[in-house]
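Undergrad: Predicted structure and sequence below. I'll ask about it afterward.
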Amino acid sequence: MPQKSTEAYPYAFTVSYVERVWQHRWRCSDVTFHCLEGALCQQWVQTIREQLTALTSRPKHLLVYINPYGGKQQGERIYEQKVAPLFTLASISTDVIVTEHANHARDHLRTEAELKQYDGVVCVGGDGMFSEMVHGLVSRTQRDNGVDQNSPEEKLVPCTLRIGIIPAGSTDCICYATVGINDPVTSALHIIVGDAQPMDVCSVHHNNTFLRYSVSLLGYGFYGDVLADSERKRWMGPARYDFSGFKTFLTHHYYEGTVSFLPATDILGTPRDKTRCRAGYVLLYKCNLSNNIHNQLCSLVLYPHVWGWRVIRGKFLAINAASMSCACPRSPKGLSPAAHLADGTTDLILVRQCSRFNFLRHLLRHTSKYDQFDMTFVEVHRVRRFRFTPRYCQSDSELDLRENGKRLFSQICRDHPACSCSPAYSSWNCDGEILPHAAIEVGYVTTPYNLLCKYTVHSESIQTHSLFPHFVTLQPCYKMDKIKTHQSTHNTPS
Ligand SMILES: CCCCCCCCCCCCC/C=C/[C@@H](O)[C@H](COP(=O)(O)O)NC(=O)CCCCCCCCCCCCCCC
Ligand SMILES: Nc1ncnc2c1ncn2[C@@H]1O[C@H](COP(=O)(O)OP(=O)(O)O)[C@@H](O)[C@H]1O
Ligand SMILES: [Ca+2]
């Protein structure tokens, strides 16, 4: 009986803890303990505080970047109402920067931020914002260590700072695919308890010049076209993807070219596995297990010519490289449900030209239990490296025009579903950013230390690196986070 215990035990302290309420959703709860003596109460509090302080994996000081324009433009509100109170409760101090323009976070992280004083950085936004921050941190780490980012042959030095993601974007696939849900409170709690999930990071090069990093989807054809169209409809918010998705589905353009890839033959899993790699205890363990095996075999991987390339020529509706499952609310199982987060591979999905009806069946299967790869016009390969060359060469002048946002004949065609010709090129959707170069080459080299992965790229290409970022899952449900002490209002009767 609370009344009785309060009177009999006048001293009390409250422990806040993390509780898993449903599947991947976490919440903060608390429990109050009552004591007979003040000194005993203090002793408990002191001891628990010491235990908590000893947990070095938990952050104490964080640098937070908020994109106020991501998703439904709720970033600031989400942070202030849902996340900041939890950080305060967990005694985490923060420096908060609300971005003022695109690439603000990237440039600040790359040049100005005094990173030594922080235990991690936090991204409040969508995949694009996360991508900005990856660029800032990875670039800075390479620069500080004298690594030439433009050279596809250089091994990247891994970053030591983690990036926590508070989902406040349109797709939030990186958050969803790693945590299992896009819920700001759950993500904040993962950050507080110090979870970490390594992940594969790709880097894209063109003619030995670095273009971008990618951690989720590199998509040519359908997803490239959806993105290109949706960027002009940002005012629609997250619904722009549905609108542009529908429009792109109707245009039904295919793209001719050659895909070459180096199959990942030394790994245990395949893209057709039934296992899922995300914020689950067991699944992450599996992922780490495969990493270990992968690392042991790394010396073989470093000599890719041993394994042989495969070449596929054709007309493709979509070419997708999923370095993680790409699960998101639109497709809870994702583009490649069995993709691993940190195994140094990417799942290359090739969707060949087919009827609209069949393509719709393929798309719909992303939302159901049916296998989206079990179709005659779809194939999937787990690869270490890949390369794409469009059938017709892209001239430099055409690239310049694309980069400058001017529309070409092909793009004009794209905007007119009635036009039956398919344009020569699509663009690559690189974590939600457009890459104008159609021809890319992805090289993949894995470094055994600190789970660093790197896809090397020659001439035009994408290169992949570094596992690490993120505060993610895997704690048992109960975690003490903050202790409040208070003296009961009902004192013992004298
Ligand atoms: C008919 C329904 C079909 C549903 C198929 C859904 C598959 C969705 C897989 C989505 C993978 C997303 C990978 C993540 C990419 C993000 O990095 C990236 C950036 O995110 P950010 O804005 O948060 O910064 N997001 C995107 O590129 C958005 C891709 C969204 C694609 C939506 C496609 C909708 C297709 C609708 C087709 C409708 C056909 C209907 C015919 C009657
Ligand atoms: N203050 C800002 N003003 C305008 N754009 C910004 C700002 N901060 C970040 N951005 C850019 O907004 C884009 C989308 O951000 P993101 O958070 O991913 O939202 P969404 O999921 O809606 O695309 C990113 O490319 C990022 O570089
Ligand atoms: Ca992977």
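TA: The structure has been received and is ready for your questions. Numbering: from 1, shown residues only. Ligands and ions are numbered 1, 2, ... in the order given.
Undergrad: Quick one: residues in contact with whatever helix or strand V259 lives in.
TA: Using DSSP states H and E, V259 falls within strand 255-263. Identification of contacts with strand 255-263 by CB atoms under 8 Å, 6 or more residues apart in numbering yields 220-221, 304, 307-317, 319, 348, 350, 381-392, 422-426, 438, 444. C-beta here means a position set from N, CA and C on the backbone, and glycine is covered the same way.
Undergrad: so what strands line up beside that strand?
TA: Within its sheet, strand 255-263 is paired with strand 310-322 (antiparallel), strand 378-390 (antiparallel), according to DSSP bridges.
Undergrad: chain center to the last one: distance?
TA: This points to strand 378-390. 20 Å (CA atoms, centre = their mean, to the nearest Å).
Undergrad: does ligand 3 sit close to that strand?
TA: No - using CB under 5 Å from the ion, strand 378-390 stays clear of ligand 3, with a minimum separation of 8.4 Å.
Undergrad: Which positions in that strand come out as buried?
TA: The neighbour-count criterion (16 or more other CB atoms under 10 Å) identifies V378, V380, H381, R382, V383, R384, R385, F386, R387, F388, T389, P390 as the buried residues of strand 378-390.
Undergrad: Restrict stretch 117-125 to CA atoms and write it as CSV.
TA: Extracted in CSV, the C-alpha atoms of stretch 117-125 (Å, rounded to 0.1, in the frame of the first residue of the first chain):
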residue,chain,number,x,y,z
GLN,A,117,34.6,17.4,-26.4
TYR,A,118,31.7,15.2,-27.6
ASP,A,119,30.8,11.6,-27.1
GLY,A,120,28.7,11.5,-30.2
VAL,A,121,26.7,13.6,-32.7
VAL,A,122,23.0,13.5,-33.2
CYS,A,123,21.1,14.0,-36.4
VAL,A,124,17.5,15.2,-36.2
GLY,A,125,16.2,14.7,-39.8
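Undergrad: Whatever residue of the stretch 151-300 of the chain ends up closest to ligand 2 and N207: what is the separation?
TA: Here the residue of the stretch 151-300 of the chain nearest ligand 2 is G169; by CB to the nearest ligand atom that distance is 2.7 Å. Separation of G169 from N207 (CB to CB, to the nearest Å) stands at 31 Å.
Undergrad: Over to G257?
TA: Distance of G257 to N207, given as CB to CB: 18 Å.
Undergrad: So for stretch 368-380, what gets flagged as buried?
TA: When neighbours are counted by 16+ other CB under 10 Å, the buried residues of stretch 368-380 are found to be Q372, F373, M375, F377, V378, V380.
Undergrad: Show the pLDDT at V226.
TA: If you check V226, the pLDDT there is 97.
Undergrad: So it lies in a strand, does it not?
TA: No - V226 sits outside any strand when classified using DSSP: H, G, I helix; E, B strand; the rest coil, being helix.
Undergrad: Renumber starting at 39 from here on
TA: Sounds good: first residue 39 from here, last item V264.
Undergrad: returning to that earlier point: out of the strands paired with strand 293-301, which gets the lowest mean score?
TA: strand 416-428 - the lowest mean pLDDT of the strands paired with strand 293-301, at a mean of 89.
Undergrad: Pull the CA coordinates from stretch 137-149 and hand them back as CSV.
TA: Coordinates of each C-alpha in stretch 137-149 appear next as CSV, following Å, rounded to 0.1, in the frame of the first residue of the first chain:
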residue,chain,number,x,y,z
THR,A,137,20.8,24.2,-39.6
GLU,A,138,20.3,27.3,-41.6
HIS,A,139,20.9,25.8,-45.1
ALA,A,140,21.7,22.6,-46.8
ASN,A,141,25.2,21.3,-46.1
HIS,A,142,25.4,23.4,-43.0
ALA,A,143,25.8,20.3,-40.7
ARG,A,144,28.3,18.7,-43.2
ASP,A,145,30.5,21.8,-43.4
HIS,A,146,30.4,22.5,-39.7
LEU,A,147,31.3,18.9,-38.9
ARG,A,148,34.1,18.9,-41.5
THR,A,149,35.8,22.1,-40.5
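Undergrad: coming back round to it: so the residue of the stretch 189-338 of the chain closest to ligand 2 sits against D165, correct?
TA: Yes - counting by CB atoms under 8 Å, G207 does reach D165; the two are 5.9 Å apart.
Undergrad: From ligand 1, how far out is the residue nearest to R148 when sequence neighbours are not counted?
TA: Leaving aside its chain neighbours, R148 sits nearest to G174 (4.4 Å; criterion: CB to CB, 6 or more residues apart in numbering). Separation of G174 from ligand 1 (CB to the nearest ligand atom, to the nearest Å): 16 Å.
Undergrad: circling back: just want to know which of G207 and N245 has more residues nearby.
TA: Neighbour count, other CB atoms under 10 Å: between G207 and N245, G207 has more, with 27 against 14.
Undergrad: list the contacts for the residue nearest to that one when sequence neighbours are not counted?
TA: Excluding the flanking residues, the one nearest G207 by CB to CB, 6+ apart is G164, at 1.4 Å. The contact partners of G164, taken as CB under 8 Å, 6+ apart, are N105, G108, G109, P205, A206, G207, S208, T209, D210, G470.
Undergrad: Quick check, pLDDT for S526.
TA: At S526, pLDDT is 43.
Undergrad: list the buried ones in the helix or strand where S67 lies?
TA: Using DSSP H and E, S67 sits in strand 63-73. Neighbour-count burial for strand 63-73, with 16+ other CB under 10 Å as criterion, is recorded at W64, C66, H72, C73.
Undergrad: Can you pull up the most central residue in this structure?
TA: Geometric centre of the chain, nearest residue: I212, 2.8 Å, by CA atoms, centre = their mean.
Undergrad: can I assume it sits in a helix?
TA: Yes - applying three-state DSSP, one finds I212 inside a helix.
Undergrad: where does this protein dip in pLDDT?
TA: The chain contains residues with pLDDT under 70 at 39-45, 189-193, 305-306, 316-345, 432-459, 479-532.
Undergrad: pull the longest helix from it.
TA: Ranked by residue count, the top helix of the chain under DSSP state H comes out as helix 165-182.
Undergrad: which residues touch the next helix or strand after that helix?
TA: Where DSSP H and E defines the elements, the next helix or strand beyond helix 165-182 is strand 200-205. By CB under 8 Å, 6+ apart, the residues outside strand 200-205 that reach it are 97, 100, 116-117, 121, 158-164, 168, 171-172, 175, 210, 212-214, 216-217, 220-222, 225-226, 228-229, 234, 506-509.
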